[in-house]
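Trainee: sequence first, then the predicted structure, then my questions.
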Amino acid sequence: MPHSSLDYGNLPGHVAVIMDGNGRWARSHGLPRLQGHSNGVQSVDKITRTAVELGIDILTLYAFSSENWKRPQEEVSGLMQLLKKYLESELATMNENNIRLHVIGDVNRLPADVQDAISHCLLETSGNEGLILNLALNYGGRDEIVRALRNLAKLCNLNRCTPQELNEDVVARNLDTSGLPDPDLIIRTGGERRLSNFLLWQASYSELYFTETNWPDFNREDFISALIDYQKRQRRFGRTGEQSVELADSEGNRKAK
Ligand code: FPP
C-alpha cells in the first residue's frame, strides 16, 4: 500500500541495516537469546518484503560479524543453524520476488553446510534482477580492507599493478562490495550509536539513522519512518548547501527532459 508521507522519487537506492537488540528483546520477554535471533528472522522477512514493495535496489543486512565468533558456542551454532534454515526456506520466496542474493564477508570460515546453502542460493537466484539482498556474513570492515590490501599487494608483487596506480576506485573494486554502490542510508536498531566495524570504507557519506527499537520489533512502519527521516536530509558530499541545491535542481531538470 503506498505511503502518503514517502517521496517515491527520492528513495535511497542502497539501505544497510545493523540488526541489533535481539538479545535484549529476548531478555525483556523472559526468553533465551536464540529466541531473539529467531524472531529477528521474521523482521528480516518483513523488511525484505517492504524493500521489494518500495523498489529499493539493495538491502544489506549485518547478520554475523567477524567478532561474533567470540559469543558462547551455543549462540554461534544456533545462529549458523538459523542462517542455513533461512536460506533453504526462503529460496522459493526469493525467486518469486525476483530477489538476487549477494554475500559479503569471509564466508570461507563459515561451517561447510552453511557455505553449501549460500552457494546454492547464490546460484539459484543469480538470474533475478529485482532487489539485491546482500547478507554480511563473517563480515568485518577492517578485515575486508586487510583482505583487499593483501590482494593488491600480491598483484603489485606479480607486477600486475604499481603502487602509483592504486587509487580509491581500485581499492573499492577489491572490496567485497565491488560493483555495489555505497549505502545511502545505514539504519541501526537497538539504541546503540556506533558502526561496529560495518562497511567502514563504504559508509563515508552514508546517512545514519538510529532507533531504540530492538530488531525483532522493527517493522514496515519503522522502516518507512527511517526512509522519511532520510528524505529530510541534505546530502552534500563535501559541497556547500547552495551547490547541493543547484546540483539537485540540474539533475531534476535532466531527469525531467
Ligand atoms: C545483534 O543482536 C544481532 C546479531 C548478532 C545477529 C543477527 C541475526 C539475525 C537477525 C538472524 C539471522 C539473520 C538472517 C539474515 C537469517 P544482539 O544479539 O547483539 O542483541 P543484544 O545487543 O540485545 O544482545
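Mentor: Ah, there it is. Being a predicted model, the structure only gives us computed values, none of them experimental.
Trainee: any low-confidence regions in the stretch 51-200 of the chain?
Mentor: For the stretch 51-200 of the chain, no stretch is flagged by pLDDT under 70.
Trainee: number of nearby residues for the closest residue to the ligand within the chain?
Mentor: Using C-beta to the nearest ligand atom, the single residue of the chain nearest to the ligand is G23, 2.4 Å away. Just so you know, the C-beta spots here come from the backbone N, C-alpha and C atoms, and that holds for glycine as well. Using other C-beta atoms under 10 Å, G23 has 20 neighbouring residues.
Trainee: and F237, how many residues sit next to it?
Mentor: When neighbours are counted by other C-beta under 10 Å, F237 comes out with 9.
Trainee: and for P32?
Mentor: By other C-beta under 10 Å, neighbour count at P32 equals 15.
Trainee: so it sits against G23, correct?
Mentor: No. Checked against C-beta atoms under 8 Å, the pair P32 and G23 is beyond contact range at 9.6 Å.
Trainee: kindly report the residues of the stretch 1-150 of the chain close to the ligand.
Mentor: 19-24, 37, 40-41, 44, 61, 63, 68, 82-83, 86, 135 (C-beta under 6 Å from any ligand atom).
Trainee: if you set the cut-off to 5 Å instead, what comes out?
Mentor: 19-24, 37, 40-41, 44, 63, 82, 86 (C-beta under 5 Å from any ligand atom).
Trainee: check the stretch 151-257 of the chain too.
Mentor: Residues of the stretch 151-257 of the chain found near the ligand (C-beta under 5 Å from any ligand atom): none.
Trainee: where exactly do the strands run in the stretch 151-257 of the chain?
Mentor: 185-188, 207-210 (DSSP state E, counting those that start in this stretch).
Trainee: would you turn those into CSV with mean neighbour count?
Mentor: Listed next are those as CSV, based on neighbours: other C-beta atoms under 10 Å:
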stretch, mean neighbour count
strand 185-188, 24
strand 207-210, 18
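Trainee: just the helices in the protein please.
Mentor: Taking DSSP state H as the criterion, the chain contains helices spanning 22-28, 33-54, 73-96, 112-124, 141-157, 168-173, 220-231, 241-256.
Trainee: surely E192 touches R24?
Mentor: No. Contact criterion C-beta under 8 Å: E192 and R24 do not qualify, at 10.2 Å.
Trainee: pull stretch 54-68 out as PDB, backbone CA atoms only.
Mentor: The C-alpha atoms that make up stretch 54-68 are tabulated as PDB, following Å, rounded to 0.1, in the frame of the first residue of the first chain:
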ATOM      1  CA  LEU A  54       9.100   0.100  -2.500                       C
ATOM      2  CA  GLY A  55      11.500  -0.800  -5.300                       C
ATOM      3  CA  ILE A  56      14.700  -0.300  -3.300                       C
ATOM      4  CA  ASP A  57      17.700  -1.700  -5.200                       C
ATOM      5  CA  ILE A  58      19.900  -3.100  -2.500                       C
ATOM      6  CA  LEU A  59      19.300  -4.200   1.100                       C
ATOM      7  CA  THR A  60      22.400  -5.100   3.100                       C
ATOM      8  CA  LEU A  61      21.900  -6.900   6.400                       C
ATOM      9  CA  TYR A  62      24.600  -7.300   9.000                       C
ATOM     10  CA  ALA A  63      23.800 -10.900  10.100                       C
ATOM     11  CA  PHE A  64      27.100 -12.100  11.600                       C
ATOM     12  CA  SER A  65      30.200 -10.100  12.300                       C
ATOM     13  CA  SER A  66      33.800 -11.300  12.200                       C
ATOM     14  CA  GLU A  67      33.700 -10.600  16.000                       C
ATOM     15  CA  ASN A  68      30.600 -12.600  16.700                       C
END
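Trainee: what are the contacting residues of it?
Mentor: For stretch 54-68, contacts defined as C-beta atoms under 8 Å, 6 or more residues apart in numbering pick out 6, 8, 11-19, 44, 47-48, 51, 76, 79, 83, 104-106, 131-140, 143, 180-181, 183, 196-199, 227.
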